[in-house]
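Undergrad: Sequence and predicted structure are below.
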Amino acid sequence: MSRVLVLNAGSATLKFGLYEQDACRLRGLVDRIGDAPALRLHSGEVDTAGFAPAEVGHAGVAEALLDWLDDCIGLDDLAGVGHRVVHGGTELAEPVRLDADRLTYLTGLEPLAPLHQPHALAIVRDLLARHPELPQVACFDTAFHRTQPRLRQLFALPRRLADEGVLRYGFHGLSYAHVARRLAEVVGPASAQGRVVVAHLGQGCSLCALEAGRSVATSMGFTALDGMMMGSRCGRLDPGVVLYLLRERGMSVDEVERLLYHDSGLLGVSGLSADMRDLLGSHDAHAAEAVALFIDRLIGEIGTLVALLGGLDALVFTGGIGEHAAEIRQRTLHRLGWLGITLDAPANARHDLRIDRGHSSVPRGPAVAVIPTDEEGEMALGTRACLAREGASFPR
Ligand SMILES: Nc1ncnc2c1ncn2[C@@H]1O[C@H](COP(=O)(O)OP(=O)(O)O)[C@@H](O)[C@H]1O
Ligand SMILES: CC(=O)OP(=O)(O)O
Ligand SMILES: [Mg+2]
């Protein structure tokens, strides 16, 4: 039976899935990297006792996971391994087999995604050393957005920089591709082909405008720092702030990078936590302000994309916060009544697939949906398609 393993090196977690044909056979993640790494399987098993020591960081955790997978499932006889590599730059816009040239190209993009790209590529190299014959495939967050019109990819910077690749790329494309795949079933074929805004709200947060199921605009840009406020990233920021910190505060480039990627967002404003659950459960005034800012920024991002789309047929929430935080959805939707949105509060509290009132009675206003994301499932599809296309010894 041909089996594909997928690995998703996110900013805070390392997720994996083992797929046999289209069925997921084993799924899990390592979280609390850098603190107390624990391996958790979706079946409920948890290995916290010495899975990997706290001090090993991303590379050590990946090594421990590969050891575990080697023992547990035998990596050698897989048809291939798919990796989430967030940045594919201008050249790579669909899943590709990894070879030395492509690895070099993708390594050159590491500064554009410092929380993700280096970790994913370190795993590729580790696997290459262990199992040189094993086909490895990169699946890109940026790929889904490469269909965007040129205007949406441009910064208002001198033209030569755009020619050199300083463009808005957008991220979370694997998540958006999965949502686009499920849209028709959840909101109906007409709305799915219409003007749709998807809010991916996890550790990283971004929004995407879809027309006929294709990305036409998104909130993230050159890097995964732009747009929506996130767990520990600032999102959209006046670039003058960066100049001020560098020149007037004498901060180094590394210190500013740390501030923007690790110390900002929900964590920076609350002073407490990057985790939305902690903030929603807190009575602290700064936690409340961080949540209020998150909602205000979310409404602004939705408004921008609705304006670019010229209207709204469906709004979709996904990602850890989008799927599980009913309070965030309710407080956001409460302020979007002007769009004709109606909220079915009990459905929202239950995290139903459809949470607008138009669903149960006469259709009215845009559909509002909660669609659980599945980046790993999307990567499994992309990896198989790539292996078939690129003529690997597939299926084995
Ligand atoms: N029940 C919940 N209520 C509020 N927030 C939640 C809930 N479950 C998960 N989250 C939030 O989702 C975020 C993680 O999202 P996720 O998509 O899993 O992250 P990642 O980007 O690492 O894949 C965290 O901020 C977490 O607090
Ligand atoms: C691109 C990005 O921000 O990803 P994540 O949400 O996994 O951090
Ligand atoms: Mg994520």
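TA: Everything's here; your move. Ligands and ions are numbered 1, 2, ... in the order given.
Undergrad: so Thr342 touches Asn348, yeah?
TA: No. Contact criterion C-beta atoms under 8 Å: Thr342 and Asn348 do not qualify, at 11.1 Å. Just so you know, the C-beta spots here come from the backbone N, C-alpha and C atoms, and that holds for glycine as well.
Undergrad: partners of the lowest-mean-pLDDT helix or strand in the chain, with directions?
TA: Lowest mean confidence among the helices and strands of the chain (mean pLDDT, DSSP states H and E): strand 46-47, at a mean of 78. Strand 46-47 has the following sheet partners, assigned by DSSP bridges: strand 38-41 (antiparallel).
Undergrad: Using PDB, write out the CA atom coordinates for the partner strand.
TA: The C-alpha trace of strand 38-41 is given here as PDB (Å, rounded to 0.1, in the frame of the first residue of the first chain):
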ATOM      1  CA  ALA A  38       5.600  16.700  24.000                       C
ATOM      2  CA  LEU A  39       4.400  14.300  21.300                       C
ATOM      3  CA  ARG A  40       0.600  14.100  21.100                       C
ATOM      4  CA  LEU A  41      -1.300  11.700  18.800                       C
END
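Undergrad: Just want the residue of the protein that's nearest ligand 3.
TA: Residue nearest to ligand 3 within the chain (C-beta to the ion): Gly202, separated by 3.9 Å.
Undergrad: quick one, domains of the chain?
TA: Per automatic domain parsing, the structural domains of the chain span 3-140, 184-370.
Undergrad: The longest strand seen in the chain packs against which elements?
TA: Assignment by DSSP state E gives strand 23-31 as the longest strand of the chain. The contact analysis (3 or more C-beta pairs under 8 Å, 6 or more residues apart in numbering; DSSP states H and E) places strand 23-31 against strand 14-20, strand 38-41, helix 57-73, helix 375-389.
Undergrad: Direction included, what does that strand pair against?
TA: With DSSP bridges as the test, strand 23-31 is paired with strand 14-20 (antiparallel), strand 38-41 (antiparallel).
Undergrad: for the longest one, which positions count as buried?
TA: For strand 14-20, the buried set under the neighbour-count rule, 16 or more other C-beta atoms under 10 Å, comprises Leu14, Lys15, Phe16, Gly17, Leu18, Tyr19.
Undergrad: tilt between it and helix 57-73?
TA: 20 degrees (axes from the mean of the first three to the mean of the last three C-alpha atoms, to 10 degrees).
Undergrad: how about the CA coordinates for strand 14-20, as PDB?
TA: The C-alpha trace of strand 14-20 is given here as PDB (Å, rounded to 0.1, in the frame of the first residue of the first chain):
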ATOM      1  CA  LEU A  14       5.600  20.400  14.300                       C
ATOM      2  CA  LYS A  15       2.600  18.500  12.900                       C
ATOM      3  CA  PHE A  16       2.600  15.200  11.000                       C
ATOM      4  CA  GLY A  17       0.200  12.900   9.200                       C
ATOM      5  CA  LEU A  18       0.600   9.500   7.600                       C
ATOM      6  CA  TYR A  19      -1.700   8.900   4.600                       C
ATOM      7  CA  GLU A  20      -2.500   5.600   2.900                       C
END
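Undergrad: which bits of this structure sit near ligand 2?
TA: Counting by C-beta under 6 Å from any ligand atom, the residues of the chain close to ligand 2 are Gly10, Ser11, Val86, His116, Asp141, Phe171, His172, Gly202, Gln203, Gly204, Ala224.
Undergrad: Closest one of the residues you listed to Tyr105?
TA: Using C-beta to C-beta, Val86 comes nearest to Tyr105 of the residues of the chain next to ligand 2, at 14.2 Å.
Undergrad: For the closest one, give me its contacts.
TA: Contact analysis of Val86 by C-beta atoms under 8 Å, 6 or more residues apart in numbering lists Ala113, His116, Gln117, Ala120, Phe140, Asp141, Thr142, Phe171, Ala224.
Undergrad: now with 6 Å?
TA: Residues near Val86 by C-beta atoms under 6 Å, 6 or more residues apart in numbering: Ala113, His116, Asp141, Phe171.
Undergrad: How about Leu272?
TA: Contacts here follow C-beta under 6 Å, 6+ apart; on that basis Leu272 touches Ala287.
Undergrad: In the stretch 51-200 of the chain, which residue sits closest to ligand 1?
TA: Ranking the residues of the stretch 51-200 of the chain by distance to ligand 1 (C-beta to the nearest ligand atom) places His200 first, at 7.8 Å.
Undergrad: so how far is Ser215 from that residue?
TA: 12 Å (C-beta to C-beta, to the nearest Å).
Undergrad: How about Ala143?
TA: Note on Ala143: its distance to Ser215, by C-beta to C-beta, is 10 Å.
Undergrad: Not counting its neighbours along the chain, what's nearest Gly377?
TA: Closest residue to Gly377 apart from its sequence neighbours, by C-beta to C-beta, 6 or more residues apart in numbering: His178 at 6.4 Å.
Undergrad: same question, Leu267
TA: Counting by C-beta to C-beta, 6+ apart, Ala274 is the residue found nearest to Leu267 once chain neighbours are left out, at 4.0 Å.
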